[in-house]
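Trainee: mind folding the following:
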Amino acid sequence: MAKITAAEVNKLRKTTGAGMMDCKKALVEADGDFEKAIEILRKKGQKVAAKRADRDSSEGAAIAKVNADNSQGVVISLNCETDFVAKNDTFVTLANDLADLALNYDGKDAFLAADFNGMSVAEKLTEQTGVIGEKIEIGSFESLSAPFVGSYIHAGNKIATLVGLSANVDGADVAAKDVAMQAAAMNPVALNEEGVDQSTIDKEIEIAKDQLRQEGKPEEMLENIAKGKLKRFFKDNTLVNQAFIKDNKQSVAQYVKSVDSSLEVTGFKRVALG
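Mentor: Numbering: from 1, shown residues only. So this is what the prediction gives:
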């Protein structure tokens, strides 16, 4: 039987993130073969993943990243089962490393198949499920392109947002971050009125009509009053029409135009956990 040294155990631990005892056991089982030991740890991860497939993984870390020229951004969530794991420095580091890689891909499937230090992202998640003992998966994957993209991550990595602006002008970085903070705090349903789907509009009109009926308003008046209430819904729930949280005397659209008269918000993405 091969003699397993502390240096070999430490090398395997650094490569896989697995615990010292798990690494030692894997090297013993592999008779000192490093690659075989990695495979043994991966198989352990697959077994743990199979056992925990039906577990709820609503905790985790939401991370937003933007490329060097601020033209492309991505926001992902690395999900786990408990807040204890979500706050672990190693877990948050992994989430950030994965988000850096995700910047190079347009969709979740391509990202999961991408190479991550010699294995696919999907394989890495399975491996980490074995290492951590919890279900680990990519929950959300959202990307955004614009002439200028900014990002914001709320304290604790529970909410991460991206915001696209129509031009890379002086002050775009501050404006994009301010609006990204707005999207994180106020959770808009869409960018503007046009972005609200018809089923949501129909539901809001029906809710408004029901409230008006209960107040005893005549049936022939309901449609017009409900439309007025719908305008209020758009003001409260669409990003560019919301009151700007740093100065509620102006809307988000007006704030952006105060930075540059031609500037507009072109899109946003928001991922939240817990």
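Trainee: alpha carbons only for contacts and neighbour counts from here, please
Mentor: OK.
Trainee: please enumerate the strands of the stretch 151-274 of the chain.
Mentor: 159-165, 243-244, 247-251, 265-272 (DSSP state E, counting those that start in this stretch).
Trainee: how close does residue 251 sit to residue 268?
Mentor: 16 Å (Cα to Cα, to the nearest Å).
Trainee: follow-up on the earlier one: deepest-packed of the strands of the stretch 151-274 of the chain, please.
Mentor: strand 159-165 (a mean of 28; mean count of other Cα atoms under 10 Å).
Trainee: so that strand versus strand 265-272, what angle?
Mentor: Orientation of strand 159-165 against strand 265-272 (axes from the mean of the first three to the mean of the last three Cα atoms, to 10 degrees) gives an angle of 170 degrees.
Trainee: dump the C-alpha coordinates for strand 159-165 into PDB.
Mentor: Output of strand 159-165 as PDB, limited to C-alpha atoms (Å, rounded to 0.1, in the frame of the first residue of the first chain):
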ATOM      1  CA  ILE A 159     -29.800  40.400  -3.700                       C
ATOM      2  CA  ALA A 160     -27.700  41.300  -6.800                       C
ATOM      3  CA  THR A 161     -28.700  43.500  -9.700                       C
ATOM      4  CA  LEU A 162     -27.600  44.800 -13.100                       C
ATOM      5  CA  VAL A 163     -28.700  47.900 -14.800                       C
ATOM      6  CA  GLY A 164     -28.100  49.000 -18.400                       C
ATOM      7  CA  LEU A 165     -27.800  52.600 -19.600                       C
END
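Trainee: neighbouring strands for that strand, and are they parallel or not?
Mentor: Its sheet considered, strand 159-165 pairs with strand 148-153 (antiparallel), strand 265-272 (antiparallel) by DSSP bridges.
Trainee: would you turn those strands into a markdown table with mean pLDDT and distance to residue 8?
Mentor: Output for these, formatted as a markdown table (pLDDT from 0 to 100; distance: least, Cα to Cα, whole Å):
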| stretch | mean pLDDT | distance to residue 8 |
| --- | --- | --- |
| strand 148-153 | 98 | 38 |
| strand 265-272 | 97 | 40 |
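Trainee: any chance of CSV for those strands, columns distance to residue 59?
Mentor: As requested, the strands paired with strand 159-165 are exported to CSV (distance: least, Cα to Cα, whole Å):
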stretch, distance to residue 59
strand 148-153, 15
strand 265-272, 10
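Trainee: chain center to stretch 114-124: distance?
Mentor: Centroid separation for stretch 114-124 versus its chain: 19 Å, with Cα atoms, centre = their mean, to the nearest Å.
Trainee: quick one: residues contacting the closest residue to residue 161 other than its chain neighbours.
Mentor: Distances taken as Cα to Cα, 6 or more residues apart in numbering place residue 270 nearest to residue 161, at 4.4 Å, with adjacent residues excluded. Neighbour list for residue 270: 75, 159-162, 183-184, 187 [criterion: Cα atoms under 8 Å, 6 or more residues apart in numbering].
Trainee: of all those residues, which comes closest to residue 236?
Mentor: residue 187 (10.0 Å; Cα to Cα).
Trainee: the closest one: neighbour count?
Mentor: 17 (other Cα atoms under 10 Å).
Trainee: how much space separates it from residue 247?
Mentor: Taken as Cα to Cα, the span from residue 187 to residue 247 is 17 Å.
Trainee: do the same with residue 85
Mentor: Residue 85 is 37 Å from residue 247, by Cα to Cα.
Trainee: before we move on, what about residue 128?
Mentor: 44 Å.
Trainee: JSON lines for the strands of the stretch 151-274 of the chain, including distance to residue 67?
Mentor: As requested, the strands of the stretch 151-274 of the chain are exported to JSON lines (distance: least, Cα to Cα, whole Å):
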{"stretch": "strand 159-165", "distance to residue 67": "12"}
{"stretch": "strand 243-244", "distance to residue 67": "27"}
{"stretch": "strand 247-251", "distance to residue 67": "28"}
{"stretch": "strand 265-272", "distance to residue 67": "16"}
